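**Student:** All I have is the shape, not the residue letters:
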């Protein structure tokens, strides 16, 4: 696999994570610490998941494909509903209130489940896994930091409406993942 194809795969895998990072930026300041937190969580999980998929391709491929979309849908819907609830409240204490482990871990897992399937396909076509996952991790890391910043710029102007929109976007991303895997839609 060439570098162009690898970068295109990395960009494709980063799109959902980028959108979620924009949503997170609606509520959280784009400080260096927050940008690194989001970038590291999403980047690391976009490295770990393809590695797991690559090394466990023959053992778990069928069960992962059967359930990954439901897991992503449930996690994103839950977090989206929390964000919407926070946007409907007058005070600014609801929704995704921090970028701690309780928020970032399920988001990172949900956003990287597709990378698990990519790791399985990498095993099938005998891709050199180390440079492949390094490229994916770096691209995701950089794009989600940019996404957090973009969301923060827009969110500071229209905080509660942006939080409602952000929650709806998380739910829609989860629904998109679910419907794509059920072959109802294809993008």
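**Tutor:** Okay, I see it. What you are looking at is a predicted structure, and each value in this text was computed from that prediction instead of being measured.

**Student:** drop to CA atoms for contacts and neighbour counts, all remaining ones
**Tutor:** Fine.

**Student:** Remind me what the helix or strand harbouring residue 103 packs against, helices and strands.
**Tutor:** Secondary structure assignment for residue 103, by DSSP states H and E: helix 101-124. Judged by 3 or more Cα pairs under 8 Å, 6 or more residues apart in numbering; DSSP states H and E, helix 101-124 is in contact with helix 3-25, helix 32-55, helix 57-88.

**Student:** closest one to residue 177 among those?
**Tutor:** Taking Cα to Cα, helix 57-88 is the member of the helices and strands packed on helix 101-124 nearest to residue 177, at 5.8 Å.

**Student:** May I see the buried residues of the helix holding residue 103?
**Tutor:** Within helix 101-124, the residues that count as buried by 16 or more other Cα atoms under 10 Å are 104, 106-123.

**Student:** Pull out the buried positions in the very next helix or strand once past it.
**Tutor:** Once helix 101-124 ends, the next helix or strand along the chain (criterion: DSSP H and E) is helix 129-155. Neighbour counts over helix 129-155 (16+ other Cα under 10 Å) mark 129, 132-155 as buried.

**Student:** Kindly list the single helix or strand of the chain that scores lowest on mean pLDDT.
**Tutor:** Least confident helix or strand, the chain: helix 57-88 with a mean of 70, by mean pLDDT, DSSP states H and E.

**Student:** circling back to that earlier point, the helix holding residue 103 vs helix 3-25, what angle?
**Tutor:** Between helix 101-124 and helix 3-25, the angle comes out at 160 degrees (axes from the mean of the first three to the mean of the last three Cα atoms, to 10 degrees).

**Student:** Report the inter-axis angle for helix 101-124 versus helix 32-55.
**Tutor:** Interaxial angle of helix 101-124 relative to helix 32-55 (the same axes, to 10 degrees): 40 degrees.

**Student:** Next, report how far stretch 138-152 is displaced from the centre of its chain.
**Tutor:** 11 Å (Cα atoms, centre = their mean, to the nearest Å).

**Student:** Check stretch 6-15 too.
**Tutor:** 12 Å.

**Student:** List the buried residues of that stretch.
**Tutor:** 6, 9, 10, 11, 12, 13, 14, 15.

**Student:** For that stretch, the averaged confidence score.
**Tutor:** Mean pLDDT, computed over stretch 6-15, is 85.

**Student:** same deal with stretch 123-133?
**Tutor:** If you average the pLDDT over stretch 123-133, you get 86.

**Student:** from the middle of its chain, how far away would that stretch be?
**Tutor:** 21 Å.

**Student:** now swap in stretch 9-23 and tell me
**Tutor:** On Cα atoms, centre = their mean, the centre of stretch 9-23 falls 6 Å from that of its chain.
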